[in-house]
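**Student:** Predicted model, plus sequence, below.
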Amino acid sequence: MGTDPRLFYGFEEVGARNVTLPGDNSLNYPAFSMQGYGGTTGQSTSIGLAVALVNTGQTAPTCGLGAAGNPLLGKVKVVESDQSVTVQEHGYMLLPFVTGGNVPVVGNPVGVDGAGNVQNVATYTGAKCVGFQPDPHSGVMQCVVKVA
């Protein structure tokens, strides 16, 4: 059982703005649509992951896990069975982070790692790590990211 979310003061979704885009094949699509936490039957395992814009040279860019170092688009909020993906693209969000060599540093820019996490990157592209806190649903430590 996760930690009681009422015990946390958090920034998640402050200034949030969402966008719905087609997703690529790197994301997990459920047989039917369902939003939420906790491994509910039919729920995508991609909810809560960090994503980037991919296939940007096409008329309709898609979102996906991208490649290591790609700019962060945002956090997957909803995944539909028709491969529509709602992404929080602005504001504060909690995202999983790498635990290897490119661990995010508070105040530094972040990008995606290609596996759904954020990592430290050299060039600012609109997203930076502003701290760390446990996810109120799972208790797992997450990076607090601000996307401008």
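**Tutor:** Received, thanks. Note that this is a predicted model, so its numbers are computed, not measured. Numbering: from 1, shown residues only.
**Student:** Okay, strands next: where are they in the protein?
**Tutor:** 17-22, 50-54, 62-64, 74-79, 84-95, 110-112, 118-120, 127-134, 141-147 (DSSP state E).
**Student:** Pipe the ones you listed into JSON lines and attach mean pLDDT per row.
**Tutor:** What follows is the strands of the chain, written out as JSON lines (pLDDT from 0 to 100):
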{"stretch": "strand 17-22", "mean pLDDT": "94"}
{"stretch": "strand 50-54", "mean pLDDT": "95"}
{"stretch": "strand 62-64", "mean pLDDT": "94"}
{"stretch": "strand 74-79", "mean pLDDT": "93"}
{"stretch": "strand 84-95", "mean pLDDT": "94"}
{"stretch": "strand 110-112", "mean pLDDT": "97"}
{"stretch": "strand 118-120", "mean pLDDT": "97"}
{"stretch": "strand 127-134", "mean pLDDT": "93"}
{"stretch": "strand 141-147", "mean pLDDT": "94"}
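**Student:** Nearest to Y29 among those strands would be which one?
**Tutor:** Closest to Y29 of these, according to C-beta to C-beta: strand 74-79, at 6.0 Å. (Each C-beta comes from the backbone N, C-alpha and C, glycine too.)
**Student:** just checking, what packs against that closest one?
**Tutor:** Packing partners of strand 74-79 (3 or more C-beta pairs under 8 Å, 6 or more residues apart in numbering; DSSP states H and E): strand 17-22, strand 50-54, strand 84-95.
**Student:** switch the cut-off to 10 Å
**Tutor:** strand 17-22, strand 50-54, strand 62-64, strand 84-95, strand 141-147 (3 or more C-beta pairs under 10 Å, 6 or more residues apart in numbering; DSSP states H and E).
**Student:** re the thing from before, just tell me which of the strands of the chain ends up closest to V103.
**Tutor:** Judging the strands of the chain by C-beta to C-beta, what sits closest to V103 is strand 118-120, at 6.3 Å.
**Student:** Off-centre distance for the closest one?
**Tutor:** Put simply, strand 118-120 sits 11 Å off its chain's centre (C-alpha atoms, centre = their mean, to the nearest Å).
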